[in-house]
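> Here's my sequence, what's the structure:
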Amino acid sequence: MVTSGWISGRVSQRWCSELCPDSAQGLGITCCPMLWGWNQVGQWQSDVMNTNPSCVMGPNEPEIAGESNMDAGSGVSIWNQYIRPMKAKGATLISPATTSDPNGKIWMQDFFQICGGNKCDVDILACHWYDISGDALIAYLNDLHDTFGLPMWLTEFACQNFNGGAQCSSGDVWGFQAQVTAFMESADYMLMFMPFGAMQDMQGVNTLNQLMNPDGSPNALAKAYLGI
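Coordinates of the predicted model:
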């Protein structure tokens, strides 16, 4: 459930999801549907392609076997068949969101190479990042921007160690928040950033990154990200 406590001047009023929750629409949040992967194509055709969303998003972490799991050629295929046609209806096209694993950048390079010079009409590059260093996150974003030359959305990120080492402490998480938010607010190519996670179930991510209280309202960390 999304509550009015999440709306602030720092919220650009976009909601990234496979579907558009009624609670978000009721608050006037613009819905940005995602075609998560091939298994969602039927639902996408019935629920999205006959509408006029202001933006649409490509598949989720396509280079990861446990996620949408497709090679770059398949990514171009699903993009050209089901996402690219939405541009003619006025939608902003957000790329597939790859991870900060080195294979994510390689997948994206292959995707654009197959697309050719027009970059498949991608308007904005999406990406995800999980690790424990704000400096490393900033370097990652700058590298992607230097490589692809597109404005960017960081649609998932957290102070989270998936590499077997120690997890971020509460102090680490708060320091990370301050450093990363300052960078995002100052980098002109960063149009959107979405920390993980505004949810009850953190899905294996360090719970010190949690942004939601049990009643669905933003907690102290969320309010710091929201600037309220």
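> Closest to the centroid, which residue in this protein?
Centroid check for the chain by CA atoms, centre = their mean gives residue 155 as the closest residue, at 1.8 Å.
> I'd assumed residue 129 was in contact with that one.
No - between residue 155 and residue 129 there is no contact under CB atoms under 8 Å: 9.7 Å. Where you see a C-beta, it was placed from the backbone N, CA and C, and this is true even at glycine.
> hmm, back to that, who are the neighbours in contact with the residue nearest to the centre of the chain?
16, 57, 97, 126-128, 192, 194 (CB atoms under 8 Å, 6 or more residues apart in numbering).
> repeat that for 10 Å
By CB atoms under 10 Å, 6 or more residues apart in numbering, the contact list for residue 155 reads 14, 16, 32, 34, 57, 60, 94, 97, 126-129, 192-194, 196.
> just to revisit the earlier point, need the residues touching each of residue 155 and residue 129.
193, 196.
> Determine the next helix or strand in the C-terminal direction from the helix or strand where the residue nearest to the centre of the chain lies.
Assigned by DSSP states H and E, residue 155 falls within strand 152-159. As assigned by DSSP H and E, the chain's next helix or strand after strand 152-159 is helix 170-186.
> From residue 186, how far off is residue 32?
Residue 32 sits 24 Å away from residue 186, taking CB to CB, to the nearest Å as the criterion.
> Who has more neighbours out of those two?
residue 32 (22 against 8; other CB atoms under 10 Å).
> Quickly list what the more buried one is bridged to.
residue 16 (DSSP bridges).
> thought it was touching residue 53?
Yes - when contacts are counted by CB atoms under 10 Å, residue 32 is listed as touching residue 53 (6.7 Å).
> Right, I'll call it a day here.
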